[in-house]
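K.L.:
Just to be clear, the model below is a prediction. Sequence and coordinates:
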Amino acid sequence: AYGNPEYEWSLNDFELGKRLGRGKFGRVYCGREKRSGYIVAVKTLVKYEVAKEKVEHLVLREIEIQSHLKHPNILQLLTWFHDDFRIYLVLEYAGQGELYRHLKNSPGGYFNEHLAAKYLYQVADALNYCHKNQVIHRDIKPENLLLTSRGDVKLADFGWSVHTPSLKRKTMCGTLDYLPPEMVEGRSYSIHVDQWCLGVLCYEFVCGYPPFESNSSEETYQKIKTVQIKFPSQVQPGAIDLIKKLLIHDMTKRLTLPEVLKHEWVVTNM
Ligand SMILES: O=C(O)Cn1ncc2ncnc(NCCc3cnc(NC(=O)Nc4cccc(Cl)c4)s3)c21
């Protein structure tokens, strides 16, 4: 059946198991494809809610973008289908779930240099692949990273990704911590957004919290615009060097993704 691209998938092809998590628009279940026994994750999106929040175009764009991306560190959208009430995204299953939980459960709440460098390398590799395919993810944060049973990172949730170049404003939702200055200042943005987010991600990996975290949105904006960064004592000089070369206000001066993949701290610690 699945060899044939015309095959019409439906919920009948799957047995849904335990619930893995819940997002704003629906739930995620572990599932098994009946004929092959293949284990998947099934993300359900309630049509009524998707329509109410006017994000239909985002779901369709995600499906369009995801169906052209294939990379070991990108969570594969295997197929999708819908019924009267829901849209179903059939995804690769990441056996160790959200990376965020692993970060919070690490000693001190931060990753050791080896894990931080390994995960950062894999995210940078996935982003580099996206950029080569004219896709900006735009929502890089620990919550959107999953871990396979073998401990490899999978970049997930392309619900906010766009084809470059894009002038579309991203409506403010979720954490502001990862927004780059050009988005905070409402200017247009480009693939350089992902480089900034990678810097914020690296900081959070080695510190356990994001660099511009504050008690109010205003204060967070201020710190982002002026790029005020302080490092706790446990952070190695190599990691500080990398983070400082990514969290630069002038987007054209940020380290490129290929340069991140060759950075000395990454290469020696991963
Ligand atoms: O993460 C968990 O909760 C648990 N978990 N644990 C293991 C595991 N293995 C695979 N996937 C999981 N979760 C689904 C990850 C997603 C991938 N792609 C998405 N796309 C999306 O949500 N799009 C979307 C939603 C709402 C609106 C719009 Cl516009 C777009 S969500 C897993």
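P.N.:
Arrived safely, thanks for sending.
K.L.:
Going by C-alpha atoms from here, please, whenever you check contacts or count neighbours.
P.N.:
OK.
K.L.:
which stretches of this protein have low pLDDT?
P.N.:
For the chain, the stretches flagged by pLDDT under 70 are 1-3, 158-174.
K.L.:
Tell me where the stretch 1-150 of the chain has helices.
P.N.:
Using DSSP state H, counting those that start in this stretch, the helices of the stretch 1-150 of the chain run over residues 47-52, 56-66, 99-104, 113-132.
K.L.:
In a markdown table, list those along with distance to residue 256 and mean neighbour count.
P.N.:
Below are those laid out as a markdown table (distance: least, Cα to Cα, whole Å; neighbours: other Cα atoms under 10 Å):
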| stretch | distance to residue 256 | mean neighbour count |
| --- | --- | --- |
| helix 47-52 | 35 | 15 |
| helix 56-66 | 22 | 16 |
| helix 99-104 | 24 | 18 |
| helix 113-132 | 9 | 21 |
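K.L.:
Pipe the ones you listed into TSV and attach distance to residue 143 per row.
P.N.:
Shown next, in TSV, are these (distance: least, Cα to Cα, whole Å):
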stretch	distance to residue 143
helix 47-52	21
helix 56-66	17
helix 99-104	5
helix 113-132	13
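K.L.:
And those helices: which comes nearest residue 231?
P.N.:
Residue 231 lies closest, by Cα to Cα, to one member of these: helix 113-132, at 14.6 Å.
K.L.:
contacts for the closest one?
P.N.:
69, 71-74, 136-137, 152-155, 191, 194, 198, 201-202, 205-206, 257-258, 260-261, 265-267, 269-270 (Cα atoms under 8 Å, 6 or more residues apart in numbering).
K.L.:
Out of those residues, list just those in strands.
P.N.:
If you go by DSSP state E, these have 136, 153, 154, 155 in strands.
K.L.:
Turn the residues you listed into a markdown table, including distance to residue 98 and neighbour count.
P.N.:
Converted to a markdown table, those look like this (distance: Cα to Cα, whole Å; neighbours: other Cα atoms under 10 Å):
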| residue | distance to residue 98 | neighbour count |
| --- | --- | --- |
| 136 | 21 | 26 |
| 153 | 9 | 27 |
| 154 | 10 | 27 |
| 155 | 10 | 26 |
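K.L.:
Neighbours of the spatially closest residue to residue 209 that is not a sequence neighbour, how many?
P.N.:
Nearest non-adjacent residue to residue 209, counting by Cα to Cα, 6 or more residues apart in numbering: residue 203, 7.5 Å away. The criterion is other Cα atoms under 10 Å. On that basis, residue 203 has 25 neighbouring residues.
K.L.:
Could you do residue 140 as well?
P.N.:
In terms of burial, residue 140 registers 27 neighbours under the definition other Cα under 10 Å.
K.L.:
was I right about it contacting residue 194?
P.N.:
Yes - using Cα atoms under 8 Å as the test, residue 140 is close enough to residue 194 to be in contact (7.0 Å).
K.L.:
Please name whichever of the helices of the stretch 1-150 of the chain is nearest to residue 35.
P.N.:
Taking Cα to Cα as the criterion, residue 35 comes closest to helix 56-66 out of these, the separation being 24.1 Å.
K.L.:
Remind me what the closest one packs against, helices and strands.
P.N.:
Packing contacts for helix 56-66, counted by 3 or more Cα pairs under 8 Å, 6 or more residues apart in numbering; DSSP states H and E, involve strand 162-163.
K.L.:
Beyond the strand it packs on, next helix or strand please.
P.N.:
Downstream of strand 162-163, the first helix or strand assigned by DSSP states H and E is helix 181-184.
K.L.:
which bits of the stretch 51-200 of the chain sit near the ligand?
P.N.:
With Cα under 6 Å from any ligand atom as the criterion, the stretch 51-200 of the chain comes near the ligand at residues 55, 58-59, 91-95, 97-98, 156-159.
K.L.:
Keep only those of these that are in strands.
P.N.:
Assigned to strands by DSSP E, the following of these qualify: 91, 92.
K.L.:
export the residues of the stretch 51-200 of the chain next to the ligand to TSV and tack on distance to residue 218?
P.N.:
Formatted as TSV, those follow (distance: Cα to Cα, whole Å):
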residue	distance to residue 218
55	27
58	28
59	31
91	37
92	38
93	38
94	36
95	38
97	32
98	29
156	29
157	27
158	27
159	26
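K.L.:
No further questions, thank you.
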